[in-house]
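Chemist: for reference, the sequence and a predicted model appear below.
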Amino acid sequence: MVSLGMRYAVIADIHANLEALNAVLEDAYKRGVAEIWCLGDIVNYGPDPMACLEILRNRKHMAVAGNHDLAVAGKINHSLFELEAARCLVWTRNQLSSDMIDYLACLPKVTSDGDFTLVHGSLKRPEWDYITTPQIAAENFSLMNTPYCLVGHTHMPYVFTPGQNGICRGIPLMAGSMQPLRQTSLIINPGSVGQPRDGNPQASYGIYNDESRTFCLYRVPYNISATQKKMQKAKLPPFLSARLSKGR
């Protein structure tokens, strides 16, 4: 259970980007984080799936499964992905030990701690649905059993509130923005560590402070070119490497 005075790093969509993950965790631990909450898609697309899994598993953490994690573990058919993503899934699985594949296979789709529910996509379809609009967010609010839901999958930092008269609102989260956690239910997306898609190539993550009852978003620069060079060496799809520079 959540204890008073704790800080939690909320991360999502690492996508095997070791440089981004290391930069985020270095920043988070400097800010006093004691535990990691990971919202899925630890692997695929990036060049360092094994190293990213090792780093996460060697730290105090709680994690849920993303669609890419489940596909690498053999629990989702690769035919449901676009061709190049499916090729990445095969490459990624070949880089992992059986122990790491078992870890991915055993990740829950949904979990909770105190006032928070953690899920990759949405509570309606945990590994697939994207919460991108107030209308979709409203469906998720109706399924929530805790005041707050933490989601990933879209690679874009956002907060959704139920609003008045059941009309939801969605607001992009900017670096340094502080979201108080009061009586209102919230759906919070910390953006992506390893493959941001909001036009900002810097790694994105958040910190929940249970003493001040706040969620703050942070952006962290990392060595993008180093990741790109490793992706090129591994012959991963060129567009996956190119998009890192643009944050798209």
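Modeler: Yep, that arrived.
Chemist: list the contacts of stretch 92-102.
Modeler: Ala16, Val43, Asn44, Pro49, Met50, Leu53, Glu54, Val72, Ala73, Gly74, Leu104 (CB atoms under 8 Å, 6 or more residues apart in numbering). Any C-beta I mention is one placed from the backbone N, CA and C, and that applies to glycine too.
Chemist: run through the neighbouring helices and strands of the helix or strand containing Ala28.
Modeler: Element membership of Ala28 [criterion: DSSP states H and E] is helix 18-30. Packing partners of helix 18-30 (3 or more CB pairs under 8 Å, 6 or more residues apart in numbering; DSSP states H and E): strand 7-11, helix 49-57, strand 203-209, strand 214-220, helix 224-233.
Chemist: kindly recompute the last result at 6 Å.
Modeler: Helix 18-30 sits against helix 49-57, strand 203-209, strand 214-220, with contacts defined as 3 or more CB pairs under 6 Å, 6 or more residues apart in numbering; DSSP states H and E.
Chemist: helices or strands up against the following helix or strand past it?
Modeler: Going down the chain from helix 18-30, the next helix or strand is strand 35-38, by DSSP H and E. Other elements packing on strand 35-38 under the criterion 3+ CB pairs under 6 Å, 6+ apart are strand 7-11, strand 61-63.
Chemist: mind listing what strand 35-38 pairs with, with the direction of each?
Modeler: If you go by DSSP bridges, strand 35-38 pairs up with strand 7-11 (parallel), strand 61-63 (parallel).
Chemist: what lies in contact with the helix holding Ala28?
Modeler: 9, 14, 48, 51-52, 193-194, 203, 205, 220, 222-223, 226-227 (CB atoms under 6 Å, 6 or more residues apart in numbering).
Chemist: which of the residues you listed sits closest to Met178?
Modeler: Within the contacts of helix 18-30, proximity to Met178 (CB to CB) peaks at Tyr205, which comes in at 14.5 Å.
Chemist: give me the neighbour count for the closest one.
Modeler: 28 (other CB atoms under 10 Å).
Chemist: next: Gly66.
Modeler: 31.
Chemist: how about it, what does it touch?
Modeler: So Gly66 contacts Gly40, Asp41, His120 (CB under 6 Å, 6+ apart).
Chemist: try it again at 8 Å.
Modeler: Gly66 neighbours (CB under 8 Å, 6+ apart): Ala12, Asp13, Leu39, Gly40, Asp41, Ile42, His120, Gly121, Glu127, Gly152, His153.
Chemist: how about Ser177?
Modeler: Shown in contact with Ser177 (CB under 8 Å, 6+ apart): Cys216, Leu217.
Chemist: do you know the pLDDT at it?
Modeler: You'll see Ser177 listed with a pLDDT of 89.
Chemist: quick check: mean pLDDT of stretch 5-21?
Modeler: 96.
Chemist: buried set for it?
Modeler: For stretch 5-21, burial by neighbour count (16 or more other CB atoms under 10 Å) applies to 7-21.
Chemist: so, low pLDDT: which residues of this protein?
Modeler: Across the chain, the ranges flagged by pLDDT under 70 are 1-4, 166.
Chemist: quick one: contacts of stretch 130-145?
Modeler: 112, 117, 121-124, 129, 149, 151, 153-154, 156, 158, 160, 162-163, 166-170, 185, 187, 189.
Chemist: so which of those sit within helices?
Modeler: Using DSSP state H, no member of the contacts of stretch 130-145 sits in helices.
Chemist: in strands, which of these fall?
Modeler: Applying DSSP state E to those, the entries found in strands are Ser112, Thr117, Cys149, Tyr158, Phe160, Arg169, Gly170, Ile187, Asn189.
Chemist: what sits against Trp37?
Modeler: Counted by CB under 8 Å, 6+ apart, Trp37 has contacts Tyr8, Ala9, Val10, Ile11, His61, Met62, Ala63, Asp113, Phe116, Leu118, Leu150, Tyr208.
Chemist: having no further points to raise, I will conclude here.
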